[in-house]
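Enquirer: sequence? don't have it. structure:
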């Protein structure tokens, strides 16, 4: 396995945060070519239907112990799956396993009002719709017109019929809005998702850019905590494994709001590869042969 060349600043930050041994584990994770992973969308197809079409196409799969709708597909690339009728009708959605974690932690339920603050392209939004049986009322924010239109296409294809799209920067939402649950999958450096085996260019990272990114994340989380109903929960997540975008942001916002971190209670905690965290109860997924790096925090606004 060829070790990737990662941005010098990122490697420096990883060593400072995790030490040499864990950093070597992270770099090894970057070097893997991950298999395709997907989740069955029960709003459009049953797992049995998906499995039958995979079998007919000669595609084998592995189950995921912590998510009955998820599958790992080895030795086949995306285009083979995208040619299947079940994909065309929205019955399966190609998504990294780690990206499936935040909606599972949020546990959307029928009748709840839910805000997805940075929703495009809609993967987590449609997953939340499916998890609630299409019975949660979801508001999905995306400020970019092109990305918002792409998300509308995905929502329709996936059958997520109770999602309203707001073409708006979630930080500018009126504080009169109030939600039972909020998912903030914040824009980030992508430090958990580096994959150089397919020719992805080296990420451009500077201290100034990372600082601005963390400032944006902080502003979004502060806004989320204002919009969250007292006594209710939200999830803050990033596809970064850097503390400055994760625990540091959460700690700063909790200090300014009447909120607390709750431990993540889900079967996935027994199975996903973990990195050490600075806030007990949060999760940082280590990149490996099947997972991208990801951070997830479950937060409750106190009454």
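Expert: Sure thing, it's come through. For clarity, every value in this text was computed on a predicted model and none was experimentally measured.

Enquirer: so for stretch 167-185, mean pLDDT?
Expert: For stretch 167-185, mean pLDDT rounds to 96.

Enquirer: how far away from the center of its chain is that stretch?
Expert: Taking the mean of its C-alpha atoms, stretch 167-185 sits 17 Å from the chain's own mean (CA atoms, centre = their mean, to the nearest Å).

Enquirer: again, but for stretch 286-297
Expert: The chain centre lies 10 Å from the centre of stretch 286-297; the measure is CA atoms, centre = their mean.

Enquirer: for it, buried residues please.
Expert: Neighbour-count burial for stretch 286-297, with 16 or more other CB atoms under 10 Å as criterion, is recorded at 286, 287, 288, 290, 291, 292, 293, 294, 295, 296, 297. (Each C-beta comes from the backbone N, C-alpha and C, glycine too.)

Enquirer: which of those residues lies closest to residue 215?
Expert: Minimum distance to residue 215 across the buried residues of stretch 286-297 is 17.1 Å, recorded for residue 295 (CB to CB).

Enquirer: pretty sure the closest one sits in a strand.
Expert: Yes. Read with DSSP: H, G, I helix; E, B strand; the rest coil, residue 295 is one of the residues of a strand.

Enquirer: right, and it touches residue 279 too?
Expert: No. Here residue 295 does not reach residue 279: they are 10.0 Å apart, not a contact under CB atoms under 8 Å.

Enquirer: anything in contact with each of those two?
Expert: Contact criterion CB atoms under 8 Å, 6 or more residues apart in numbering; residues shared by residue 295 and residue 279: residue 247.

Enquirer: what about the closest residue in space to residue 46 that isn't next to it in sequence, neighbour count?
Expert: Using CB to CB, 6 or more residues apart in numbering and skipping the chain neighbours, the partner closest in space to residue 46 is residue 40 (7.4 Å). If you count neighbours by other CB atoms under 10 Å, residue 40 ends up with 23.

Enquirer: likewise for residue 78?
Expert: The burial count assigned to residue 78 is 12, neighbours taken as other CB under 10 Å.

Enquirer: for the one 4 residues further on, same thing?
Expert: Neighbour count of residue 82, defined by other CB under 10 Å: 11.

Enquirer: that one and residue 94: what is the separation?
Expert: 8 Å (CB to CB, to the nearest Å).

Enquirer: repeat for residue 274
Expert: For residue 274, the distance to residue 94 - CB to CB - is 24 Å.

Enquirer: more crowded one of the two?
Expert: Set side by side, residue 274 and residue 94 give different neighbour counts by other CB under 10 Å, the larger being at residue 94 (14 against 11).

Enquirer: grab the most central residue of this structure for me.
Expert: residue 99 (3.4 Å; CA atoms, centre = their mean).

Enquirer: tell me the secondary structure at that residue.
Expert: helix.

Enquirer: check contacts around it.
Expert: Neighbour list for residue 99: 123, 124, 239, 292, 294 [criterion: CB under 8 Å, 6+ apart].

Enquirer: in strands, which of the residues you listed fall?
Expert: residue 294 (DSSP state E).
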